[in-house]
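Enquirer: Sequence first, then the predicted structure:
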Amino acid sequence: MPAVWAILLAAGESSRMGRQKALLPWRNTTLLEYQLRSLLDAGVQQVVVVLGHDADRIKPIVEATDGASWALNPDYLQGKTTSLKTGVAALAIQQVSDVLLLNVDQPRNEDTVRTLLERHLASSYRITIPTHGGKGGHPILIAAELLPELAEIEEESQGLKAVVRRHAEATERFELDDPSVLWDLNTPEQYQKALDSSL
């Protein structure tokens with residue numbers, strides 16, 4: 001039976017952070033393990049983690065998690081679009097109804113993910129984007145019928161944003177009273193600020 005799968009992007013160099021983001025401490029575990037647990041506990045059936053930089057350090061964590069698998073993006077230096085396409089390719093032979101898209105540096109708690117999941121599955125929208133204060137955040141949920149379009153995205157045409165623009169009328173922007181849907185932990189300062197506010 002088709003189910004919701006997630007693509008968790010963890011291929012980047014973490015150059016602005018200066019350390020491997022997937023392995024940063026977060027709530028008594030690592031950022032990657034927290035994300036995997038949160039997604040799976042919220043109702044995602046399977047998580048595909050897209051790896052690139054430092055892949056060999058991250059693989060054991062993924063392999064030790066029931067419900068998680070990894071896909072390697074050898075072209076990760078060419079941009080996030082290549083990692084998203086790697087994740088989409090990994091779903092090609094699976095029974096998927098919808099896909100949740102998230103980056104490893106965007107920690108989201110289980111309740112927020114579950115709320116978004118339930119909202120998306122109960123609606124007729126093809127795309128669901130969480131917002132806070134009117135600003136768009138993550139994770140984004142996309143109906144599997146749009147996977148062929150995701151497989152063709154290019155960095156030059158803004159990748160995922162171009163798909164969302166094309167399907168603006170089939171997109172729900174769902175306001176949540178949760179500022180964490182806007183978190184992007186790209187720098188040590190952003191990481192520390194999020195850590196402090198999540199205590």
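Expert: Right, received. Where do you want to start?

Enquirer: CA atoms for contacts and neighbours, from now on please.
Expert: Will do.

Enquirer: And the closest residue to Glu172 other than its chain neighbours, how far from Thr30?
Expert: Leaving out its chain neighbours, the residue that sits closest to Glu172 by CA to CA, 6 or more residues apart in numbering is Thr128, at 4.9 Å. For Thr128, the distance to Thr30 (CA to CA, to the nearest Å) stands at 27 Å.

Enquirer: Neighbour count: those two, which is higher?
Expert: Between Thr128 and Thr30, counted using other CA atoms under 10 Å, Thr128 has the larger neighbour count: 26 against 16.

Enquirer: doesn't Leu121 make contact with the more buried one?
Expert: No: the criterion here is CA atoms under 8 Å, and Thr128 misses it with Leu121 at 9.4 Å.

Enquirer: Which helix or strand contains the residue nearest to Glu172?
Expert: Following DSSP states H and E, one finds Thr128 within strand 127-132.

Enquirer: Tell me which strands that strand pairs with, and in which orientation.
Expert: strand 135-136 (antiparallel), strand 140-143 (antiparallel), strand 171-175 (parallel) (DSSP bridges).

Enquirer: Now find how far off-centre that strand is within its chain.
Expert: 13 Å (CA atoms, centre = their mean, to the nearest Å).

Enquirer: Identify the residues contacting the closest residue to Leu116 other than its chain neighbours.
Expert: Leaving aside its sequence neighbours, Leu116 sits nearest to Pro130 (CA to CA, 6+ apart; 7.3 Å). By CA atoms under 8 Å, 6 or more residues apart in numbering, the contact set of Pro130 is Leu116, Gly136, Gly137, His138, Pro139, Ile140, Arg173, Phe174, Glu175, Leu176, Val181.

Enquirer: Also Leu150?
Expert: Leu84, Lys85, Val88, Gly159, Leu160, Val163.

Enquirer: for Ala22, same thing?
Expert: Per CA under 8 Å, 6+ apart, neighbours of Ala22: Ala10, Thr30, Leu31, Leu32, Ile58, Val104, Asp105.

Enquirer: Okay, and which of those residues map to strands?
Expert: Within the contacts of Ala22, residues falling in strands by DSSP state E are Ala10, Thr30.

Enquirer: If you rank the contacts of Ala22 by neighbours, which is first?
Expert: Ala10 (29 neighbours).
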